[in-house]
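# Okay, predicted coordinates and the sequence, questions at the end:
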Amino acid sequence: MNAFPYGRAALSIFVLALFSGLWLIVQRPPRNTATLTMWTFARPHYEAYTAAAKSFEAAHPGVTVNVQLVSGEAEPTRLQAAFWANLDVPDVVEVEISAAGSFFRGPLQHIGFSDLTDRIHRTGLWDRMVQARFAPYTTRGRIFGLPHDVHPVMLAYNRELLDKLGVDVNKIETWDDFIRVGRQVTIPGQRYMIEMSDTVQDQIEVCLFQHGGGYFDRDGHCTLDNEQAVETMKFYVPLVAGKQPIGNSLGGGQILTKAVEEGYLVCLVAPDWRTKSIEQVIPRMAGKMALMPFPALKPGGPRTSTWGGTMLGITRHSSKQDLAWEWAMHLYTDKSQLGQRFRDTNILPALRDAWDQPAFQEPRPYWSNQKLGAVYAKLAPQVPYQYTSPYIRATKPKLGEALVDCVAYYKSHGEVGFDPYVRKRLRQSADEVRQMVARNPY
């Protein structure tokens, strides 16, 4: 007869649970005793802020700052759980632009981030920063985050190859110019003028913003089927699926490296942050690459768009609101830090009066000695507005799904019936988003 009445399996589970509990009691994680805790999802930010904490602590005797690196995939879920449970809530958080809107659900007083609108205007940051970059972190007229960046878009191109082909990029002003040159340069299956995906929304999103469109308007209404979205889809699809396509995409990593080195892809869509990635993953192209402004939709039009972004928010949970704001200002408005950070990351800060620092005027050998900061800063004031919603993360893939279907239609039917098909397919995606919104009044 067994001494334990429920059998050996149950006994094993009991013993395991007992020892696990004892281990957790003995091995408790160290208590966070820092004055301020900050989460960020980007390792370059983490490294820069860890260094910045030393000077901040020196200027604030007795204050300590604990900067934590949290996985970008896990951070939104972990932060939402912390808000709901009111446990382990950091004082300051950086959130990726596509996730920021998910925190803006419900009445304003229930949002987990502090309303920074009055501080931003009172301290003059509204006038010192690129105002378009506040839009993704604004809901119902109130601003809940500071913009870390601007992320204007240019085209990174194989200068050596285009020089050999006799292409003068200075004569490329509009998309009509670019497409005309692209058809001369492209050899289907061997060389494509530009990296453009026919399956995911990354590059078409950049074009959507340039066309004055987006996923939502400033009031949170879905705009995936408005006229700007329709025109963007009709513009984009022939470039990747027409009889003379100039765009193709092979993904990232080593295959992208090979595609650029061997001239398969001539141009890459390059927001400022991506130039650092290009330098790191395609080092053998140093001195052979250069940057040109994004083609305009029409002569004299904006020569850029935007891709990506980060906001800094102060949580309502923090009992040190003023100190958290001082820390945010230390990170985002200390010009000496911003200059060195640009050297390290190639990311243009949202603070316009930082752009006169020497770091932004330095020639970069990788980019054929172009002054990287200066060329991006020139375009930054033209960056389009983009608006958000609590449903932004679920909405972005809807654009990619519509793109896949529109590409398939165009390959089979060409221009015949394409306009009504695009309108119908985008309306389907937009209606799916509206149904999600309608199920939740917040």
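The structure has been received and is ready for your questions.

# For stretch 239-246, give me every contacting residue.
Contacts of stretch 239-246 with the rest of the structure, by Cβ atoms under 8 Å, 6 or more residues apart in numbering, involve 179, 182-183, 185-186, 188, 192-194, 196-198, 238, 247-248, 407, 410-411, 414. All C-beta spots, glycine's among them, are computed from the backbone N, C-alpha and C.

# what does the domain assignment say about the protein?
Using automatic domain parsing, the domain parsing of the chain gives 1-30, 36-147+312-361, 153-306+385-438.

# And these: which comes nearest residue 379?
domain 153-306+385-438 (4.1 Å; Cβ to Cβ).

# just to revisit the earlier point, in helices, which of the contacts of stretch 239-246 appear?
If you go by DSSP state H, these have 179, 182, 183, 185, 238, 407, 410, 411 in helices.

# Can you select the buried ones among those for me in ChimeraX?
Buried residues among these (16 or more other Cβ atoms under 10 Å), as a ChimeraX selection:
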select :179,182,185,238,407,410
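
# quick one, strands of the stretch 101-250 of the chain?
Using DSSP state E, counting those that start in this stretch, the strands assigned to the stretch 101-250 of the chain run over residues 138-139, 142-143, 146-147, 153-158, 192-195, 247-248.

# which of the ones you listed sits most buried?
By mean neighbour count, with neighbours taken as mean count of other Cβ atoms under 10 Å, strand 146-147 ranks first of these at a mean of 26.

# Rebuild the ones in helices among the contacts of stretch 239-246 as CSV, extending it with distance to residue 59 and pLDDT.
Below are the ones in helices among the contacts of stretch 239-246 laid out as CSV (distance: Cβ to Cβ, whole Å; pLDDT from 0 to 100):
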residue, distance to residue 59, pLDDT
179, 54, 98
182, 53, 98
183, 58, 97
185, 54, 98
238, 57, 98
407, 55, 98
410, 59, 98
411, 61, 97
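
# Closest to residue 433 out of the ones in helices among the contacts of stretch 239-246?
Nearest member of the ones in helices among the contacts of stretch 239-246 to residue 433, counting by Cβ to Cβ, is residue 407, at 20.7 Å.

# low-confidence ranges in the stretch 301-442 of the chain?
441-442 (pLDDT under 70).

# which stretches of it form helices?
Applying DSSP state H, counting those that start in this stretch to the stretch 301-442 of the chain gives helices spanning 321-333, 335-345, 372-379, 392-413, 418-438.

# and residue 377, which of the domains of the chain is closest to it?
Closest of the domains of the chain to residue 377 is domain 36-147+312-361, at 4.3 Å (criterion: Cβ to Cβ).

# what's the span of stretch 146-159 from first residue to last?
36 Å (Cα to Cα, to the nearest Å).

# In contact with the residue lying closest to residue 349 once chain neighbours are set aside, which residues?
Closest residue to residue 349 apart from its sequence neighbours, by Cβ to Cβ, 6 or more residues apart in numbering: residue 338 at 4.8 Å. Neighbouring residues of residue 338 by Cβ under 8 Å, 6+ apart: 332, 349, 351, 354, 357, 359.

# how far away is residue 338 from residue 253?
Shown here: residue 338 relative to residue 253, a distance of 30 Å by Cβ to Cβ, to the nearest Å.

# likewise residue 291?
Distance from residue 291 to residue 253, counting by Cβ to Cβ: 22 Å.

# Which one's more surrounded, these two?
A side-by-side neighbour count of residue 291 and residue 253, using other Cβ atoms under 10 Å, places residue 291 first with 22 against 9.

# and the nearest residue in space to that one that is not next to it in sequence, what is it in contact with?
Nearest residue to residue 291 in three dimensions, chain neighbours excluded: residue 154, at 4.6 Å (Cβ to Cβ, 6+ apart). Contacts for residue 154 were tallied using Cβ under 8 Å, 6+ apart; they are 270, 271, 291, 292, 293, 294, 304, 375, 376, 379.

# go again using 7 Å as the cut-off
Neighbouring residues of residue 154 by Cβ atoms under 7 Å, 6 or more residues apart in numbering: 270, 291, 292, 293, 294, 304, 375, 376, 379.

# can the residues you listed go into TSV with extra columns for distance to residue 259?
TSV is the format used below for the contacts of residue 154 (distance: Cβ to Cβ, whole Å):
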residue	distance to residue 259
270	15
291	18
292	19
293	23
294	20
304	24
375	24
376	24
379	26
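
# Wasn't residue 268 part of a helix?
No - per DSSP: H, G, I helix; E, B strand; the rest coil, residue 268 lies outside any helix segment and is strand.

# That one reaches residue 195, doesn't it?
Yes - the criterion here is Cβ atoms under 7 Å, and residue 268 meets it with residue 195 at 4.9 Å.

# So which of the domains of the chain is nearest residue 367?
Between residue 367 and the domains of the chain, the shortest gap by Cβ to Cβ is with domain 153-306+385-438, which sits at 5.8 Å.

# From one end of the closest one to the other, what's the distance?
Using Cα to Cα, the end-to-end distance of domain 153-306+385-438 comes to 34 Å.

# Low-confidence ranges, the stretch 1-150 of the chain, go.
1-32.

# who does residue 187 bridge with?
Per DSSP bridges, the residues bridged to residue 187 are residue 191.

# So what sits opposite the residue nearest to residue 291 in the bridge?
Partner residues in beta bridges with residue 154, using DSSP bridges, are residue 270, residue 293.

# quick one: pLDDT of it?
Looking at residue 154, its pLDDT stands at 98.

# which ones are touching residue 359?
The neighbourhood of residue 359, defined by Cβ under 7 Å, 6+ apart, consists of 339, 340, 342, 343, 373.

# how near is the closest residue to the second one other than its chain neighbours to residue 104?
Leaving aside its sequence neighbours, residue 340 sits nearest to residue 359 (Cβ to Cβ, 6+ apart; 6.7 Å). For residue 359, the distance to residue 104 equals 34 Å [Cβ to Cβ].

# Pop out the phi and psi values for the residue nearest to the spatial centre of the chain.
For the chain, the residue nearest the mean C-alpha position is residue 308 (1.8 Å; Cα atoms, centre = their mean). Note on residue 308: its backbone torsions stand at phi 90, psi 180 [degrees, to the nearest 10].
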